[in-house]
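In: Sharing a model prediction with you, sequence too.
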Amino acid sequence: MSFRPDESAFAGAEHLDPAFVAGFDRKQGRPDPAAEIAALREHGIGPRATVVDLGSGTGQFALAAAHAFGSVVAVDVSPAMQDHLARAAAAEGLTNLRQVRAGFLGYEHEGAPADAVHTRHALHQLPDVWKAVALRRIADLLRPGGLLILTDLVYDCSPDEAEPLFRQWVAGAAAVDPSDGYTAEDYAEHLRTEFSTFRWLLEPMLERSGFEVLRSDYRGRVFARYLCRRADRPPRADG
């Protein structure tokens, strides 16, 4: 009997739908991975490094990373996302990108420890207990000193501030047509059904999972990017 959540179900049915996946990059605004690649390079991740992209989606980061580093493992639970990425990697002639169909809790890393892990807008699909487990699993697959770049929706507020912040965020959605970007209803659906957490909960999770936060950047008190380093020593086991 498995007590782990079904990560493919938590990912949302739309992410398993080839029609939705075909328009996913446009909806996401085609995020430029250059800043993440530069951050890894600036902190010592070299051209022969192994990088794992957890929740790789259509491969915006994984494809760029495969051009910059020695080996990339793109991990995702969605067959539609993986098919999209496989076509893109073949079109770019990439031979150093390997795909694994798994989630945060199911991925089993093979070979030497990874030098870096990247994940963008995927960890929020897990409730907080399983976020912490996933972060510890990420630390375990990294070499000491390895890096984690975590980008996600994280709420930088107190409980009393939460609902006013949520109203402001939903009201500020720019898109009207869902195919053009995220709408107010998309944001509201996220709040109702997904598991983004508070900053003051996530940062202790990172620390207890074995990470040192090197940098955190917030936009609008909702969108966060963390650059973390795996500590040389294991995290504290006591409370």
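Out: Received it, and whenever you're ready, just let me know what you need.

In: export the helix or strand hosting Ala35 as CSV, just CAs?
Out: In the assignment (DSSP states H and E), Ala35 maps to helix 34-42. Extracted in CSV, the C-alpha atoms of helix 34-42 (Å, rounded to 0.1, in the frame of the first residue of the first chain):
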residue,chain,number,x,y,z
ALA,A,34,19.3,32.7,-19.0
ALA,A,35,19.3,34.1,-15.5
GLU,A,36,19.2,30.6,-14.0
ILE,A,37,22.0,29.4,-16.3
ALA,A,38,24.1,32.4,-15.4
ALA,A,39,23.5,31.9,-11.6
LEU,A,40,24.6,28.3,-11.8
ARG,A,41,27.8,29.3,-13.7
GLU,A,42,28.5,32.2,-11.3
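
In: If you count contacts, what does that helix end up packed against?
Out: Judged by 3 or more Cβ pairs under 8 Å, 6 or more residues apart in numbering; DSSP states H and E, the packing partners of helix 34-42 are helix 60-68, strand 142-155. For glycine as for every other residue, the C-beta is placed from the backbone atoms N, C-alpha and C.

In: Show the subsequent helix or strand relative to that helix.
Out: Proceeding N to C from helix 34-42, the next assigned helix or strand is strand 50-54, under DSSP H and E.

In: In the protein, what residue spans correspond to strands?
Out: Assigned strands in the chain, in chain order: 50-54, 71-76, 97-101, 114-120, 142-155, 197-198, 211-219, 223-230 (criterion: DSSP state E).

In: partners of the first one in the sheet?
Out: Based on DSSP bridges, the strands next to strand 50-54 in the sheet, each with its direction, are strand 71-76 (parallel), strand 114-120 (parallel).

In: go on, the longest one?
Out: Take DSSP bridges as the rule and strand 142-155 pairs in its sheet with strand 114-120 (parallel), strand 197-198 (parallel), strand 223-230 (antiparallel).

In: Next up, the contacts around Glu36.
Out: By Cβ atoms under 8 Å, 6 or more residues apart in numbering, the contact set of Glu36 is 61, 118, 149, 151.

In: For the first one, give me its contacts.
Out: What that stands for is Phe61. Neighbours of Phe61 in contact, by Cβ under 8 Å, 6+ apart: 33, 36, 53, 118, 120.

In: ok, now with 10 Å
Out: Each residue near Phe61 by Cβ atoms under 10 Å, 6 or more residues apart in numbering is listed here: 31-33, 36-37, 51, 53, 55, 72, 74, 118-120, 149, 151.

In: Same check on the last one?
Out: Thr151 makes contact with 31, 35-36, 61, 118-123, 217, 223-227, according to Cβ under 10 Å, 6+ apart.

In: ditto for the second one
Out: Shown here is His118, whose contacts under the criterion Cβ under 10 Å, 6+ apart are 33, 36-37, 39-40, 51-56, 61-62, 65, 72, 74, 147-151.

In: what sits opposite it in the beta ladder?
Out: Counting by DSSP bridges, His118 forms beta bridges with Asp53, Ile149.

In: Pull up the gap between it and Arg101, please.
Out: For His118, the distance to Arg101 equals 18 Å [Cβ to Cβ, to the nearest Å].

In: what's the answer for the third one, then?
Out: The span separating Ile149 from Arg101 equals 22 Å under the rule Cβ to Cβ.
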